[in-house]
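Participant: kindly return the folded structure for what I paste below:
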Amino acid sequence: MTRTPAKVASTPVRSTSTPVATAAITGAHVLATKRQTLSAKSRKQTDPKRREQPALGSGKRRHRYRPGTVALREIRKFQCTTDLLLRKLPFARLVREVLQDIYPSNEIRWQSTALLAMQEAAEAYLIGVFEDTNVVAINAKRVTIMARDLKVVRRIRGRGDPGNR
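Facilitator: Next up, the predicted model:
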């Protein structure tokens, strides 16, 4: 006489105890179980400023450099380059506009090399002014340049400075 095994019910048997109640019994896993059983409503009620927003499409946080690291990298980059920093077309428009204010009757034509020479000279002048402004800010025990530093530099440069007329 062979016995056939009894059929096991296909529906799972549900426990009547809640996860919080079982967590209270085990003791060590109370916090973990409470975190798992938070409802969607209570998750939405948490402060959105405290939650970190992950990058779109991934669960990882975006990489951020410490304050000042990118600035130092940009300083090194711009010290090595000899390229013009201002865009050529806006600078050319500005030069033509200023010249139109000085000589309204004539239309003066510019060679492209003359405009590039003007831009080179203007950028060299601005870089010199900002270097001196940085020295004034450092003398005042600051690292941020301010408008008053520019005023001091223009005043020290005196009559030879085109900004002081």
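Participant: where does the chain dip in pLDDT?
Facilitator: Low-confidence segments of the chain, defined by pLDDT under 70: 1-58, 159-165.
Participant: so which residues of it form helices?
Facilitator: Along the chain, the stretches classed as helices by DSSP state H are 19-26, 30-36, 40-44, 69-80, 88-102, 112-139, 147-157.
Participant: TSV please, covering these and showing distance to Lys60 and mean neighbour count.
Facilitator: Placement of C-beta: from N, CA and C, glycine included. Putting the helices of the chain into TSV (distance: least, CB to CB, whole Å; neighbours: other CB atoms under 10 Å) gives the following:
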stretch	distance to Lys60	mean neighbour count
helix 19-26	29	13
helix 30-36	21	12
helix 40-44	20	8
helix 69-80	20	10
helix 88-102	40	12
helix 112-139	38	14
helix 147-157	42	15
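Participant: nearest to Gly59, out of these?
Facilitator: helix 40-44 (16.1 Å; CB to CB).
Participant: I'd like the distance between the closest residue to Arg96 other than its chain neighbours and Glu120.
Facilitator: In this structure, Arg96 finds its nearest non-sequential neighbour in Trp110, 7.2 Å apart by CB to CB, 6 or more residues apart in numbering. Distance from Trp110 to Glu120, counting by CB to CB, to the nearest Å: 14 Å.
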